[in-house]
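A.B. asks: no sequence for this one, just the structure:
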């Protein structure tokens, strides 16, 4: 595949962006001022370069279905002090994109460093080793070079598998020296909650629980990761610890204290504009999901959003426990920390309450990287992709990947967040029966092309919520041709001809 020319963003770096409705202008201004002061100080003092070839520890945090509903991304209602703290220690990427807006496909992509067009993994049912039995994953590569690799919670998507089957799907022995998943304890029972669809969608329920954080799987994942870091640090050997938090993914079940952060009826709902254009049939999944969401009243919408926010704050608290451990053990100068969402999420945009679309809300994810010697408290507006994580970790740890990677190292952006980045980011989604769509995001445009011949074009500079499709406007023919050529460089998605790692 030919190298795509790089361009720089025309928007100053370091300013938080959010298309989320919960933004308070006065507080936002204060945060922006703090960031600008930090930028000024950084320019005065400079920053040490990131050392190459160092056997850094790696703390890799994945929050399931986490969109940019975070304080550091400009949302002043959600309570995320710990993720905000991590952003203050590293670089926040404001335009990072998943390669597929569903768990298993996205995770397979970033763990192998390959696009979904290459892996052929496009659903939550296919175990990635069935398609790529010999591919070397990120933790597997480090294990081969002397790192201890441990997984806590959901890094790979294993569904409801148990016992030996679960260990196999977790890729123990290849990706990991050990991998643990956990279940809620009897003390963590639901004391308040309901299904928002009267049972039509079994997953669409919220529950406030009794007990404490460690009575829930994510709390136990944090505890196990902390114990692993403590144990492995004593050995003196480098470690790779992956921690996968299930929340804010459904079902929205977390301790009651996190629901209490958001009193019922206190959140403002996003509303689509009345003049919003229609979209192609394949753009939003139909069927029982759409039927249930269309039947939502504002009561259900409020409860859904409240439950999602509670899950975000619960995961944030677990992130805080991990950061406290790095503080206590004085590990920041020897540890690379990466936090991501595996895909984005809709909260009423286009009337949708899920992921699995090719809109910005579903494709864009939070990404924060803190590395020894990286800039701190700044943001990059450059386009980046989750497929860039593999080459970044390999680069910073001084290791050469065993196969050709689809992404590029983020190291230059960690030392200079204002540097030029990629010209484009790509995401794929499938709809069954051979139908699929591919989208390309550039500095200004999003162009989506569907297998049935329909397409969409959005001007991200003037329409960040993507409410007005411009694909039918003759004045944008040149842009469509240029963007179509970018998609051609990725190639059509042909699952039966998925390209293996070389």
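C.D. replies: Received it, and whenever you're ready, just let me know what you need. From a predicted model like this one, the values you see are computed outputs, not experimental measurements. Numbering: from 1, shown residues only.

A.B. asks: for the most centrally placed residue in the chain, which non-adjacent residue is closest in space?
C.D. replies: The centre of the chain sits closest to residue 341, judged by C-alpha atoms, centre = their mean, with a distance of 2.1 Å. Leaving aside its sequence neighbours, residue 341 sits nearest to residue 66 (C-beta to C-beta, 6 or more residues apart in numbering; 3.3 Å). Glycine gets a C-beta too; all of them are placed from N, C-alpha and C.

A.B. asks: what's the burial count for that neighbour?
C.D. replies: For residue 66, the count of nearby residues is 29 (other C-beta atoms under 10 Å).

A.B. asks: assign it to helix, strand or coil.
C.D. replies: coil (DSSP: H, G, I helix; E, B strand; the rest coil).

A.B. asks: need the pLDDT of it.
C.D. replies: On pLDDT, residue 66 comes in at 98.

A.B. asks: doesn't residue 365 make contact with it?
C.D. replies: Yes. Using C-beta atoms under 8 Å, residue 66 is in contact with residue 365, at 7.1 Å.

A.B. asks: what residues are shared contacts of those two?
C.D. replies: Shared contacts of residue 66 and residue 365, defined by C-beta atoms under 8 Å, 6 or more residues apart in numbering, are found at 340-342.

A.B. asks: list the buried ones in stretch 193-200?
C.D. replies: 193, 196-197 (16 or more other C-beta atoms under 10 Å).

A.B. asks: closest to residue 239 out of the residues you listed?
C.D. replies: residue 193 (37.4 Å; C-beta to C-beta).

A.B. asks: distance of the closest one from residue 88?
C.D. replies: According to C-beta to C-beta, to the nearest Å, residue 193 and residue 88 sit 34 Å apart.

A.B. asks: cool, residue 182 as well?
C.D. replies: Taking C-beta to C-beta, one finds residue 182 at 30 Å from residue 88.

A.B. asks: helices or strands up against the strand or helix carrying residue 322?
C.D. replies: Using DSSP states H and E, residue 322 sits in helix 298-328. The elements that helix 298-328 packs onto, with contact taken as 3 or more C-beta pairs under 8 Å, 6 or more residues apart in numbering; DSSP states H and E, are strand 57-63, helix 81-89, strand 205-209, helix 217-235, strand 239-245, strand 252-255, helix 256-259, strand 335-341.

A.B. asks: on that earlier part again, got CSV for the shared contacts of residue 66 and residue 365, with distance to residue 226 too?
C.D. replies: Shown next, in CSV, are the shared contacts of residue 66 and residue 365 (distance: C-beta to C-beta, whole Å):
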residue, distance to residue 226
340, 20
341, 22
342, 22
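
A.B. asks: mind putting those residues into JSON lines with pLDDT and distance to residue 136?
C.D. replies: As requested, the shared contacts of residue 66 and residue 365 are exported to JSON lines (pLDDT from 0 to 100; distance: C-beta to C-beta, whole Å):
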{"residue": "340", "pLDDT": "98", "distance to residue 136": "20"}
{"residue": "341", "pLDDT": "98", "distance to residue 136": "25"}
{"residue": "342", "pLDDT": "98", "distance to residue 136": "20"}
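
A.B. asks: of the helices and strands packed on helix 298-328, which is nearest residue 429?
C.D. replies: Between the helices and strands packed on helix 298-328, strand 335-341 lies closest to residue 429; by C-beta to C-beta that is 16.4 Å.

A.B. asks: ok, and what's touching whichever helix or strand comes after the closest one?
C.D. replies: Helices and strands here follow DSSP H and E; after strand 335-341, the next one along the chain is helix 360-363. Helix 360-363 is contacted from outside by 19, 67, 97-98, 101, 343-347, 349, 355-357, 425, 427, 439, 441, 446, 458, 460, 464-466, using C-beta under 8 Å, 6+ apart.

A.B. asks: neighbouring contacts of stretch 249-267?
C.D. replies: By C-beta under 8 Å, 6+ apart, stretch 249-267 touches 22, 64-65, 77, 79, 103, 184, 188, 190-193, 203-213, 215-216, 247, 302-311, 313-314, 317.

A.B. asks: residue ranges with poor pLDDT in the chain?
C.D. replies: When residues are selected by pLDDT under 70, those of the chain lie in 1-54, 161-162, 164, 494-502.

A.B. asks: what's the closest non-adjacent residue to residue 422?
C.D. replies: Per C-beta to C-beta, 6+ apart, closest to residue 422 is residue 383, 4.6 Å.

A.B. asks: for the one you found, give me its contacts.
C.D. replies: 9, 95, 97, 421-425, 441-443.

A.B. asks: which helix or strand contains it?
C.D. replies: Assigned by DSSP H and E, residue 383 falls in strand 378-385.

A.B. asks: buried ones in that strand, by neighbour count?
C.D. replies: Those would be 378-385, for strand 378-385 by 16+ other C-beta under 10 Å.

A.B. asks: pick the one among those closest to residue 176.
C.D. replies: Looking across the buried residues of strand 378-385 and measuring by C-beta to C-beta, the closest to residue 176 is residue 385, at 24.2 Å.

A.B. asks: stretch 406-426: end-to-end distance?
C.D. replies: 11 Å (C-alpha to C-alpha, to the nearest Å).

A.B. asks: cool, and stretch 382-401?
C.D. replies: For stretch 382-401, the end-to-end distance is 24 Å (C-alpha to C-alpha).

A.B. asks: returning to what we had before: so the residue nearest to the centre of the chain is in contact with residue 365, correct?
C.D. replies: Yes. Taking C-beta under 8 Å as the definition, residue 341 is a contact partner of residue 365 at 4.1 Å.

A.B. asks: between these two, which contacts overlap?
C.D. replies: With C-beta under 8 Å, 6+ apart, residue 341 and residue 365 have common neighbours 66-68, 98.

A.B. asks: which other residues reach stretch 387-406?
C.D. replies: 50, 52-56, 58, 60, 99, 109-115, 118, 135-136, 138, 141-142, 145, 147, 238, 336, 338, 340, 369, 371, 407-411, 501-502.

A.B. asks: what residues sit buried inside the helix holding residue 322?
C.D. replies: Result for helix 298-328 [16+ other C-beta under 10 Å]: buried residues 300-323, 325-326.

A.B. asks: kindly report the same for stretch 271-278.
C.D. replies: Quick answer for stretch 271-278 (16+ other C-beta under 10 Å): residue 276.

A.B. asks: quick one: end-to-end distance for that stretch.
C.D. replies: End to end - C-alpha to C-alpha - stretch 271-278 spans 15 Å.

A.B. asks: if we can go back for a sec, could you dump the helices and strands packed on helix 298-328 to JSON lines with distance to residue 489?
C.D. replies: Putting the helices and strands packed on helix 298-328 into JSON lines (distance: least, C-beta to C-beta, whole Å) gives the following:
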{"stretch": "strand 57-63", "distance to residue 489": "28"}
{"stretch": "helix 81-89", "distance to residue 489": "32"}
{"stretch": "strand 205-209", "distance to residue 489": "43"}
{"stretch": "helix 217-235", "distance to residue 489": "39"}
{"stretch": "strand 239-245", "distance to residue 489": "31"}
{"stretch": "strand 252-255", "distance to residue 489": "39"}
{"stretch": "helix 256-259", "distance to residue 489": "44"}
{"stretch": "strand 335-341", "distance to residue 489": "25"}
